[in-house]
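Student: With the input below, show me the fold.
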Amino acid sequence: MLWGLFVLTITVLVAVQPYRRTVTPNYHGAAQKFVAGHDLYEPGFWGFLYPPPFAVLYVPFTSAPVPLGDVIWRWVNLGLFLSGVARIASLPRSRPGPPLFALITVLAIPASLSSARNGQVNMTETGLLLHAAVDVACGRLWRPAIVLAVATVLKPVALVPALLWGALRPALLWRFLVALAAGVALPVAFASPAYVVRQYQGFVDKMVVASAPMGQMFCDIAGLVESFGLQVSEATLRIVRAASAPLTLALSAVAWKRFAEPERSLHVLGFATSYLMLMSPRTESNGYVMLAPVVAVFAGRLWGVAGRRREFWFLVLVAVGLGSDNYPFHRETDFWLKPALTVLWAGWLAARTLYPRELSESRADRPEPEGC
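Tutor: A predicted model of the protein is given here:
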């Protein structure tokens, strides 16, 4: 019922006000430029920020009139998100407990409202990453490789979880690279190679410009410290981001060795999404749709576990807090509350990885989970 109400609300809002609080005109413009053979990228900090394959994949949504195409785009996003939540909620646990689907739904929807409303591809990415996590946990190789490749050609942030899982499971890595190469080459099937190469050059140039904040504040680690009056140079931020990458890999490797599936794949997803939220220089408030369901999953897996009530409620508060852009105090907490909650969550996840509470959690020699 909650999901039905959610989908109905988004559908009505987009149908009645298709040009309000939406990013899809950017996507429409890029798809139409690709079909016409025009350059996708314009100079400046804003504009179309995605790889050329995104424009190709969005073309079908431009064939329907506004707002029908925009509504269908939202349905696709919500379908990926909903099915990802349903699959990850059904992963087996080391001990029986209450069903998780309803709990994860309640905790994940607040942070997903803005992204669903404006049609941002972050919701698409989230759904694909949830599906990939389930497939990796279930021992599959080609399916998560293809899913991660699709996520990467839509938005390159998916490289972080893909490379983390690939580093820990080499058989997945080469399959991902093959699938990614096919995705990168996709535009050549619809346009001349020279045009496609020029668009990739334009994309790289755009990323160089767009990755520099240029006085803009975002909901990342920089926004957190600057909200409290601290000024950090861009050089220092680059060092912090560079140092965080091997730390994220190291913690993921410890979790991969220490835990059984599906715990270890969920930990990798948790570290990857935390890194993206804090270290990406353009993390927007509605981008936290990528983290909220992951936190909700961990909360759900502690639901009803004896001795873990405080941890459960801590994670509940974090997940609910990640939807703060829908609350009356959003203006007062913008740019700092969500990254602060992410720092607390990442600290909890690191502590849980380094100091697991129970031996049953750290039996890495257990067979692959049943029920996948």
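Student: And the average pLDDT for the longest helix seen in the chain is what?
Tutor: Of all the elements of type helix in the chain, the one with the most residues (DSSP state H) is helix 234-258. For helix 234-258, the mean pLDDT works out to 94.
Student: helices and strands around the next helix or strand after it, which ones?
Tutor: Elements were assigned by DSSP states H and E; along the chain past helix 234-258, the next helix or strand is helix 263-279. When contacts are defined as 3 or more Cβ pairs under 8 Å, 6 or more residues apart in numbering; DSSP states H and E, helix 263-279 sits against helix 121-137, helix 159-168, helix 234-258, helix 292-302, helix 337-354. To be clear about C-beta, it is placed using only N, CA and C from the backbone, and glycine gets the same treatment.
Student: So which residues make contact with the longest one?
Tutor: Residues outside helix 234-258 that contact it (Cβ atoms under 8 Å, 6 or more residues apart in numbering): 160, 164, 167-168, 212-213, 221-222, 263-264, 267-268, 271-272, 274-275, 278-279, 281, 349-350, 353-354, 356, 362, 364.
Student: same question, the last one
Tutor: Helix 337-354 is contacted by residues 219-221, 223-224, 251, 254-255, 258-259, 267, 270-271, 274, 277-278, 283, 285, 288, 291, 295, 298, 311, 314-315, 318, 321-322, 324 when judged by Cβ under 8 Å, 6+ apart.
Student: how far out from the middle of the chain is that helix?
Tutor: Chain-centre distance of helix 337-354: 16 Å, with Cα atoms, centre = their mean, to the nearest Å.
Student: Now it: buried residues?
Tutor: Of the residues in helix 337-354, those with enough neighbours to count as buried (16 or more other Cβ atoms under 10 Å) are 337-342, 345-346, 348-350, 352-353.
Student: Return the distance of stretch 3-13 from the chain's centre.
Tutor: Here the centre of mass of C-alpha atoms in stretch 3-13, compared against the chain's by Cα atoms, centre = their mean, lies 21 Å away.
Student: and it, what's its mean pLDDT?
Tutor: This predicted structure assigns stretch 3-13 an average pLDDT of 95.
Student: Residue numbering should commence at 48 henceforth.
Tutor: Sure thing, new numbering starts at 48, so read that last one as stretch 50-60.
Student: What residues sit buried inside it?
Tutor: Residues 53, 54, 57, 58, 60 are the ones in stretch 50-60 that count as buried (16+ other Cβ under 10 Å).
Student: which regions of the protein lie under the pLDDT threshold?
Tutor: 261, 405-419 (pLDDT under 70).
Student: repeat that for 50
Tutor: Across the chain, the stretches falling below the confidence threshold (pLDDT under 50) are 406-407, 411-412, 414.
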